[in-house]
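**Student:** Sequence and predicted structure below; questions after.
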Amino acid sequence: MWSSVPGGRVPARSVGGASSLRRTAPTIFVKGSSPLWGRSGGSTYPAMAFTRPPDRTVERALLMAATRAFAKGEVSPELTALISRSLDWDWILKQAEAERVAALLYSVARPLAVPPPVLGRLRAMWVKGRRQYLLGVQQLARVLAAFEGEGVSVIPLRGPTLADLLYRDPALRPFTDLDLLIPEGDLSRTLPLLAALGYRHMEAGLPLSHELAWRHAASFTAEDPDALPIDLHWGVVDYPGVVPVAPIDHQELWDRAVRVEGPGGVRWELCPEDLLISLALHWAVHHALSGVIWQLDLALLILRYGDGLDWDAVVQRAGRWRIRGPVFFALQEVRERLEAGVPVGVLGRLRPGGLRITLFDWLRHRGEERLEQLDYLVPFLVMDRGSDMLRTLSSAALPPASWLRLRYGKASVLGGYLAHCARVGRVCVRTARASLGGTR
């Protein structure tokens with residue numbers, strides 16, 4: 001099998017020996033120019049070539065159909081038909097792994113007409129997921145025991161506990177760290193405890209002093225190279241920017257938390273309604289409503305609890321905590337994409353005003369892959385109130401001096417402000433490119 005490229009023909013790449021059709025991106029040249037050079041007024045200049053991204057509509061539809069099939073527990077005719085088409089399996093494998101649904105795809109597509117080499121690679125990812133789950137459960141049990149021994153209350157978020165709660169086979173839900181929620185008042189005891197367990201703060205551009213003063217989470221990496229990092233949370237959401245936006249009463253979360261039996265022994269867990277809100281915020285704010293696995297988590301929670309969910313409580317808490325926007329967009333997406341049972345009346349009560357829904361739909365339909373690059377714009381669009389949006393913009397333009405010093409580690413406020421302006425400029429350019437155009 002061959003693919004046409006400028007300058008001749010080359011064999012199309014294959015997956016493990018199985019032929020696969022790879023769609024090459026068309027190259028568009030400025031009218032009147034040759035493929036390599038253009039001419040203007042007798043002078044020669046390089047032609048401007050614009051590359052359109054390959055159309056991955058069918059491949060993306062297959063991943064979503066497989067995800068829906070897993071959520072509903074049955075293979076649809078749509079998925080069977082999609083698998084029978086000419087597909088770029090190399091891209092599907094890469095994207096499935098990036099979206100953390102490769103093991104899930106193996107479990108759903110195993111009885112279907114998937115090329116054997118592709119199925120072999122999916123199975124290898126499935127085996128890797130099972131090993132990761134078992135190691136993660138063991139590590140979580142050790143950490144929870146250490147926290148309990150010091151009298152520090154902790155609620156595992158996502159990771160192996162969420163996998164055990166929502167997934168028929170917990171090993172199908174990959175995770176790359178352990179998310180732990182603690183009361184903010186226990187921070188002074190938790191940080192030395194993590195150090196004693198062999199964890200150190202993962203700088204990642206933000207000093208710990210800044211995260212403690214202005215954020216609600218910090219990441220820690222283990223001395224053991226095989227151990228997963230720990231994301232320590234003392235709040236459930238951090239909007240991008242300077243000032244906190246959502247006035248969530250975290251003591252309420254702890255008052256409603258329940259003790260359950262699961263991997264790692266007996267543990268605390270958020271009540272179903274608070275867990276739903278937490279998952280919606282995590283997907284909408286921290287991941288800009290991009291990523292398949294995050295929406296599947298939310299859909300499976302709705303499927304698990306069904307009519308037992310107190311939707312009135314969800315709406316009431318979302319309104320009181322000024323998070324109706326992100327909860328609405330997350331629930332609307334899982335209802336449309338994964339056919340989750342979200343009551344229409346609930347969406348109507350959460351629905352934000354203005355043109356934000358129209359703007360978000362426009363951004364989404366410009367390309368699914370663009371959303372993950374809009375990690376500042378999407379959280380801004382889903383904010384509840386115009387006053388929150390104005391406060392975020394003003395604080396981004398003129399951050400407090402203490403924030404500048406901690407964020408950029410500069411001796412002077414001026415130095416911090418210049419560094420901040422440069423960073424804001426880069427974010428604006430990246431956001432504009434992701435929102436408006438293709439690649440050049």
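**Tutor:** Arrived safely.
**Student:** Against I302, how distant is the one residue sitting closest to the centre of the chain?
**Tutor:** The centroid of the chain falls nearest to H287 when counting by CA atoms, centre = their mean (3.6 Å). For H287, the distance to I302 equals 18 Å [CB to CB, to the nearest Å]. (C-beta placed from N, C-alpha, C; glycine too.)
**Student:** And I357, how close does it get to L350?
**Tutor:** Applying CB to CB, the value for I357 to L350 is 11 Å.
**Student:** Compare the two (neighbour count), which wins?
**Tutor:** Under the criterion of other CB atoms under 10 Å, the comparison of I357 against L350 puts L350 first, with 25 against 16.
**Student:** How much space separates that one from L135?
**Tutor:** 39 Å.
**Student:** helices or strands up against the helix of greatest length in the chain?
**Tutor:** Longest helix of the chain, by residue count under DSSP state H: helix 116-149. Contacts defined by 3 or more CB pairs under 8 Å, 6 or more residues apart in numbering; DSSP states H and E place helix 116-149 against strand 14-15, strand 18-19, helix 89-98, helix 102-109, helix 159-166, strand 178-181, helix 187-196, strand 265-269.
**Student:** which secondary structure elements does the fourth one contact?
**Tutor:** It refers to helix 102-109. Secondary-structure packing of helix 102-109 (3+ CB pairs under 8 Å, 6+ apart): helix 57-72, helix 77-83, helix 89-98, helix 116-149.
**Student:** What lies in contact with that helix?
**Tutor:** Helix 102-109 is contacted by residues 63, 66-67, 69-70, 75, 79, 83, 93, 96, 119, 122-123, 125-126, 128-130, 169, 171-172, 174, 296 when judged by CB atoms under 8 Å, 6 or more residues apart in numbering.
**Student:** Now list the buried members of those residues.
**Tutor:** 63, 66-67, 69-70, 75, 79, 83, 93, 96, 119, 122, 125-126, 129, 171-172, 174, 296 (16 or more other CB atoms under 10 Å).
**Student:** re the thing from before, ok, now how distant is the residue nearest to the centre of the chain from E223?
**Tutor:** In this view, H287 and E223 are 29 Å apart by CB to CB.
**Student:** which residues does Y199 contact?
**Tutor:** Counted by CB under 8 Å, 6+ apart, Y199 has contacts F220, T221, A222, E223, I230.
**Student:** where do the strands sit along the stretch 301-440 of the chain?
**Tutor:** Ranges of strands in the stretch 301-440 of the chain, per DSSP state E, counting those that start in this stretch: none exist.
**Student:** since we're on the nearest residue to D231 once chain neighbours are set aside, how many residues are nearby?
**Tutor:** Excluding the flanking residues, the one nearest D231 by CB to CB, 6 or more residues apart in numbering is D179, at 4.7 Å. Neighbourhood size, D179 [other CB under 10 Å]: 21.
**Student:** D179 contacts R158, doesn't it?
**Tutor:** Yes: using CB atoms under 8 Å, D179 makes contact with R158 at a distance of 4.9 Å.
**Student:** Look at stretch 212-219 and report the distance between its end residues.
**Tutor:** Distance across stretch 212-219, first residue to last, is 11 Å (CA to CA, to the nearest Å).
**Student:** Please state the offset of that stretch from the chain centre?
**Tutor:** Remark: stretch 212-219 is offset 19 Å from the chain centroid, using CA atoms, centre = their mean, to the nearest Å.
**Student:** Stretch 267-282 now?
**Tutor:** From the chain centre to the centre of stretch 267-282 is a distance of 16 Å (CA atoms, centre = their mean).
**Student:** For the closest residue to G291 other than its chain neighbours, which residues are in contact?
**Tutor:** Leaving aside its sequence neighbours, G291 sits nearest to E99 (CB to CB, 6+ apart; 6.3 Å). Counting by CB under 8 Å, 6+ apart, E99 touches L63, G291, V292, I293.
**Student:** do V382 as well
**Tutor:** A284, V285, L289, G325, P326, F328, F329, P352, R356, F360.
**Student:** Repeat the analysis, applying 7 Å as the threshold.
**Tutor:** If you count contacts by CB atoms under 7 Å, 6 or more residues apart in numbering, V382 has them with A284, G325, P326, F329.
**Student:** Then V342?
**Tutor:** V342 makes contacts with I302, L331, V334, R335, as judged by CB under 7 Å, 6+ apart.
**Student:** wouldn't the second one be in contact with A280 here?
**Tutor:** Yes: at 6.5 Å, L331 and A280 qualify as touching, with contact defined as CB atoms under 7 Å.
**Student:** More neighbours: the two, which one.
**Tutor:** Of the pair L331 and A280, A280 is the one with more neighbours under other CB under 10 Å, namely 30 against 25.
**Student:** so that one is in which element?
**Tutor:** Element membership for A280 (DSSP states H and E) is helix 272-281.
**Student:** That helix - contacts with which helices or strands?
**Tutor:** helix 292-305, helix 311-320, helix 324-338 (3 or more CB pairs under 7 Å, 6 or more residues apart in numbering; DSSP states H and E).
**Student:** Only alpha carbons, please: show it as CSV.
**Tutor:** Backbone C-alpha positions of helix 272-281 (Å, rounded to 0.1, in the frame of the first residue of the first chain) are rendered in CSV as follows:
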residue,chain,number,x,y,z
PRO,A,272,-22.3,10.6,45.6
GLU,A,273,-23.5,14.1,45.0
ASP,A,274,-20.2,15.7,46.1
LEU,A,275,-18.3,13.2,44.1
LEU,A,276,-20.3,14.1,41.0
ILE,A,277,-19.6,17.8,41.6
SER,A,278,-15.9,17.1,42.1
LEU,A,279,-15.6,15.0,38.9
ALA,A,280,-17.5,17.7,36.9
LEU,A,281,-15.2,20.5,38.2
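**Student:** average pLDDT across that helix?
**Tutor:** The average pLDDT within helix 272-281 is 96.
**Student:** In it, which residues are buried?
**Tutor:** Neighbour counts over helix 272-281 (16+ other CB under 10 Å) mark P272, E273, D274, L275, L276, I277, S278, L279, A280, L281 as buried.
**Student:** same check, this time on stretch 311-325
**Tutor:** Using 16+ other CB under 10 Å as the test for burial, stretch 311-325 gives W311, A313, V314, V315, R317, A318, W321, R322, I323, R324, G325.
**Student:** how about low-confidence regions in the stretch 301-440 of the chain?
**Tutor:** Filtered on pLDDT under 70, the stretch 301-440 of the chain yields the residue ranges 366-370, 437-440.
**Student:** Could you work out the end-to-end span of stretch 108-126 for me?
**Tutor:** 12 Å.
**Student:** Determine how far it lies from the middle of the whole chain.
**Tutor:** The chain centroid and the centroid of stretch 108-126 are separated by 25 Å under CA atoms, centre = their mean.
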